[in-house]
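Participant: show me how the following folds:
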Amino acid sequence: MSLFSLLLRARRAPCLGLLLLLASPVVLAATVPSASVESPGKILKVTLQVDGGTARYQVQRLGDTVVDASKLGFELRDGRLDRDFEITGSSTRRFDETWEQPWGERRLTRNHYNELTVSLRQTTGDRRRLDVVFRVFDDGVGFRYVFPQQPGLAEAIIDEELTEFAIAQHSTAWWIPAGEPIHYEYLYARTPLQEVPLAHTPITLRSDSGLHVAIHEAALVDYAGMWLRRTDGQRLRAQLSPSAEGWKVRRALPFATPWRTLQIADRAGGLVESDLILNLNEPNALGDVSWVKPSKYLGVWWSMHLDEESWATGPRHAATTAKTRKVIDFAAANGFRGVLVEGWNPGWDGNWVGNGYDFDFTRATPDFDIEALSAYGAKKGVHLVGHHETGCAIDHYEDQLGAALDLYARLGVDSFKTGYVCDDGQVDRRNPAGGPLLREWHDGQFMARHHLKVVQEAAARRLAVNPHEPIKDTGLRRTYPNWVSREGARGMEYNAWGQPPNPPEHEVNLVFTRMLSGPMDYTPGVLSLKGRHGQAIPSTLARQLALYVVLYSPIQMAADLPEHYLQHLDAFQFIKDVAVDWEQSRVLDGEVGDFVTIVRRDRNSRDWFLGSITDEHGRVLPVSLGFLEPGVRYRAEIYRDGDGADFRSNPFAFARETREVTSADALTLVLGPGGGQAIRFTPL
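Facilitator: Here you go, the predicted model:
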């Protein structure tokens, strides 16, 4: 009731009026407790307020509401922690540093934010306490909960997190479903936000006014991954990945949750250029990581996806000593550091999907001499890239983990790929109480612990890790730089046998969705443009080259068969030359799902590389070369779609040409439907 209404009623009813006037100082003094903080450049403002005992936060950008009042709190096994709150205190601090990535999209990263910590306490029951910490950057917000040590609550058993994201502006969403069998390996849907049911993060939004927002999380450690369920309108609520025991998270106090993140930008490229996810992670915990080597690799891999050879032993076995020796020779001749070999160890015979109990990670099959091949590669400067497919038998894998990694360390296999092939929700786990196996999800608390254990055990032996069918990336590569890449999306293998294969818009979507979380081992570079039984890959030849710049990873595979590279030597030259570790990266232009142009400068030279791809529509894209060093002439080696290039009818139309340019010049990129362009700029 407003003050005006109270006074009006007081005039009409003198007795009531006396009572109200006596009480009026309380009414007038009753304000909603709140605390707020602005970003360093006063672009964003976050306010937390407690109204009726409920804590809610709001995000504004330059005065416009981005996230309307959104609830905070939890459902605990022994009661709710989302009501009867009061603010008992708040504090702010400023932070500004520039730190150096050992490898990454850029060498130097600025971490500049203002922080607000709000202490909440329940006014009823055990008067439980909960802190909420906000870090507000000019390009986004991160917030997390802190459960402080307190009497009567030794551990928190979380049945659900109640965090909301009430998106204020009408928005379109790009998303993949959560709670489904194949974890993150879906094509992205584009729908109005109010039609999203249950989605994984990152989820990317574009408002009708053109504002771009991506919701994700950072520093997912010993906690369940966050899904987003739409409750009504454009209000999203956290739904944590399940646990076999029924609860979602079980932690001893004190502890902090992962950060809930909002990246906010006027243009789509601003989301890609944001370092918010990395900055919300702890600094490097490993010390000297010069042993982590960004590089390119070949593989004994694609032939199995083509169904020309097999992972299983027998006459079609791909992982043989003779075959691997030939691939090592090809790698050495063309400057590749690694050769991945899948199917090298026992366990691939029979049905291993979701049933990895026959895998042995400490010895090779009789036809694969891992000792001799490691030594042979070392003489040529080529390292074997290890592979551990678990078939989701997690405890069986962990039982062998130490010995398996010791083997790799002894042989100089200094990086390895892991795999977790099974339906989501079907990850096997021993029952600590005995009895039948428990079943977990790929992004539940159990798997968050498992992946970090693998990374830490690998780091102790100076090995780098690249998981496939992984838990999602949340920026932990900053803390553990040996966590070099991962899959976590629909990759190139779907172009071999997927129905349908990845359409051209998929890789553009990845840039503005999945790639916001971190590097992806997409395994590009299939120059044959053919999948299993001749299935056409929806791409032009030049597009396969552009993917090396567009889809970031510090390890990049040349996924095709060596003989196919020999058939396309002009195009193959770019794959040989392209860098994988960058001094800086910029998005010159792009729209979610439509097109993108990215430039990156090699960390180990003065070369720049450009990659540009489009969806199923051809495009003419003007590009200013102002990113080049002023006053320097560059040789531009251009790998482009040829005349009439079209992924449907003329995918091999291709041209390679050279010209001199400076930073004052501009280029016009002509991309065919499903096409692309790649350019290397070398100072003269």
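
Participant: Val59: which element?
Facilitator: Using DSSP states H and E, Val59 sits within strand 54-61.

Participant: ok, that strand: who's next to it in the sheet?
Facilitator: strand 44-51 (antiparallel), strand 64-71 (antiparallel) (DSSP bridges).

Participant: run through who's touching that strand.
Facilitator: 43-50, 65-73, 82-83, 85, 118, 120, 132, 134, 141, 143, 211, 262, 264 (CB atoms under 8 Å, 6 or more residues apart in numbering). The C-beta positions use only the backbone N, C-alpha and C, and glycine is treated the same way.

Participant: ChimeraX command for the buried members of those residues?
Facilitator: A single ChimeraX command is used to select the members of these judged buried by 16 or more other CB atoms under 10 Å:
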select :43,44,45,46,47,48,49,50,66,67,68,70,71,72,73,82,85,118,120,132,134,141,143,211,262,264
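
Participant: out of the strands paired with strand 54-61, which is closest to Lys296?
Facilitator: Ranking the strands paired with strand 54-61 by proximity to Lys296 (CB to CB) places strand 44-51 first, at 38.9 Å.

Participant: distance between that closest one and the chain's centre?
Facilitator: Remark: strand 44-51 is offset 28 Å from the chain centroid, using CA atoms, centre = their mean, to the nearest Å.

Participant: how close does the spatially closest residue to Tyr494 that is not a sequence neighbour sit to Glu308?
Facilitator: Closest residue to Tyr494 apart from its sequence neighbours, by CB to CB, 6 or more residues apart in numbering: Asn502 at 5.4 Å. Taking CB to CB, to the nearest Å as the measure, Asn502 falls 21 Å from Glu308.

Participant: please apply the same query to Lys472.
Facilitator: 32 Å.

Participant: so which of these two has more stuff around it?
Facilitator: Comparing Lys472 with Glu308 by other CB atoms under 10 Å, the one with more neighbours is Lys472, at 24 against 12.

Participant: could you report the pLDDT at the more buried one?
Facilitator: Lys472 is assigned 98 on the pLDDT scale.

Participant: you'd agree it is up against Met226?
Facilitator: No. Lys472 lies out of contact with Met226 (CB atoms under 8 Å); the separation is 9.3 Å.

Participant: overlap of the contact sets of these two?
Facilitator: Residues touching both Lys472 and Met226 (CB under 8 Å, 6+ apart) are Thr201.

Participant: mind listing the strands for the stretch 251-400 of the chain?
Facilitator: 255-256, 259-265, 295-300, 338-341, 383-389 (DSSP state E, counting those that start in this stretch).

Participant: in its sheet, which strands sit next to the shortest one, and in what direction?
Facilitator: Right, strand 255-256. Listed by DSSP bridges, the sheet partners of strand 255-256 and their directions read strand 140-147 (antiparallel).

Participant: mind listing residues that contact the helix or strand just after the strand it pairs with?
Facilitator: Once the chain leaves strand 140-147, the next helix or strand it forms, by DSSP H and E, is strand 155-161. Under the criterion CB under 8 Å, 6+ apart, residues 73-78, 147, 226, 238-240, 246-253, 255, 257 lie in contact with strand 155-161.

Participant: any chance of a ChimeraX selection covering the buried ones in those residues?
Facilitator: To isolate the buried ones among those in ChimeraX, judged by 16+ other CB under 10 Å, type:
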select :73,74,75,76,147,226,238,239,240,247,248,249,251,255,257
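
Participant: and stretch 408-419, what's buried?
Facilitator: Of all the residues in stretch 408-419, those buried under the rule 16+ other CB under 10 Å are Tyr408, Leu411, Val413, Asp414, Ser415, Phe416, Lys417, Thr418, Gly419.

Participant: wait, Thr479 touches Ala285, no?
Facilitator: Yes. In this structure Thr479 lies within contact range of Ala285 using CB under 8 Å: 5.1 Å.

Participant: more neighbours: those two, which one.
Facilitator: Shown here are Thr479 and Ala285; by other CB under 10 Å, Thr479 has more neighbours (18 against 14).

Participant: using the three-state scheme, assign that one.
Facilitator: Look at Thr479: counting by DSSP: H, G, I helix; E, B strand; the rest coil, its state is coil.

Participant: please shift the residue numbers so they start at 26 in all later answers.
Facilitator: Fine by me, first position is 26 from now on; the one you just mentioned is Thr504.

Participant: quick check: it vs Ala356, distance?
Facilitator: Going from Thr504 to Ala356 by CB to CB gives 31 Å.

Participant: same deal with Leu709?
Facilitator: From Leu709 across to Ala356, the span is 30 Å (CB to CB).

Participant: and the two? Which one has more around it.
Facilitator: Between Leu709 and Ala356, Ala356 has the larger neighbour count (other CB under 10 Å), namely 24 against 8.

Participant: that one touches Val410, doesn't it?
Facilitator: No. Using CB under 8 Å, Ala356 is not in contact with Val410; the gap is 10.3 Å.

Participant: shared neighbours, the two?
Facilitator: Listed as contacting both Ala356 and Val410 by CB under 8 Å, 6+ apart are Tyr322, Gly363, Val364.

Participant: specify the beta-bridge partners of the last one.
Facilitator: Read that as Val364. For Val364, the beta-bridge partners are Leu323, Leu409 (DSSP bridges).

Participant: could you check the angle the lengthiest helix in the chain makes with strand 408-414?
Facilitator: For the chain, the helix with the greatest residue count under DSSP state H is helix 419-436. Note on geometry: by axes from the mean of the first three to the mean of the last three CA atoms, to 10 degrees, helix 419-436 and strand 408-414 are set 170 degrees apart in direction.

Participant: what does helix 419-436 contact?
Facilitator: Residues external to helix 419-436 that are found in contact with it (CB under 8 Å, 6+ apart): 381-382, 384-387, 395-396, 399, 409, 411, 413, 415, 438-439, 441, 452-455, 465, 471-472, 475, 478-479, 482-483, 486-488.

Participant: now it: mean pLDDT?
Facilitator: Helix 419-436 comes out with an average pLDDT of 98.

Participant: tell me which helix or strand of the chain sits lowest on mean pLDDT?
Facilitator: Lowest by mean pLDDT, DSSP states H and E among the helices and strands of the chain is helix 39-54, with a mean of 31.

Participant: check which element follows it along the chain.
Facilitator: Where DSSP H and E defines the elements, the next helix or strand beyond helix 39-54 is strand 59-63.

Participant: can you spell out which helices and strands pack onto that following strand?
Facilitator: Counting contacts by 3 or more CB pairs under 8 Å, 6 or more residues apart in numbering; DSSP states H and E, strand 59-63 packs against strand 69-76, strand 110-125, strand 133-147, strand 154-162.

Participant: put the alpha carbons of the first one into PDB.
Facilitator: Taking C-alpha atoms only, strand 69-76 is exported to PDB below (Å, rounded to 0.1, in the frame of the first residue of the first chain):
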ATOM      1  CA  LEU A  69      26.900  -3.200 -16.000                       C
ATOM      2  CA  LYS A  70      25.200  -3.000 -12.600                       C
ATOM      3  CA  VAL A  71      24.200  -5.900 -10.400                       C
ATOM      4  CA  THR A  72      21.800  -5.400  -7.500                       C
ATOM      5  CA  LEU A  73      20.900  -8.000  -4.900                       C
ATOM      6  CA  GLN A  74      17.900  -7.400  -2.800                       C
ATOM      7  CA  VAL A  75      15.900  -9.300  -0.100                       C
ATOM      8  CA  ASP A  76      12.100  -8.800  -0.400                       C
END
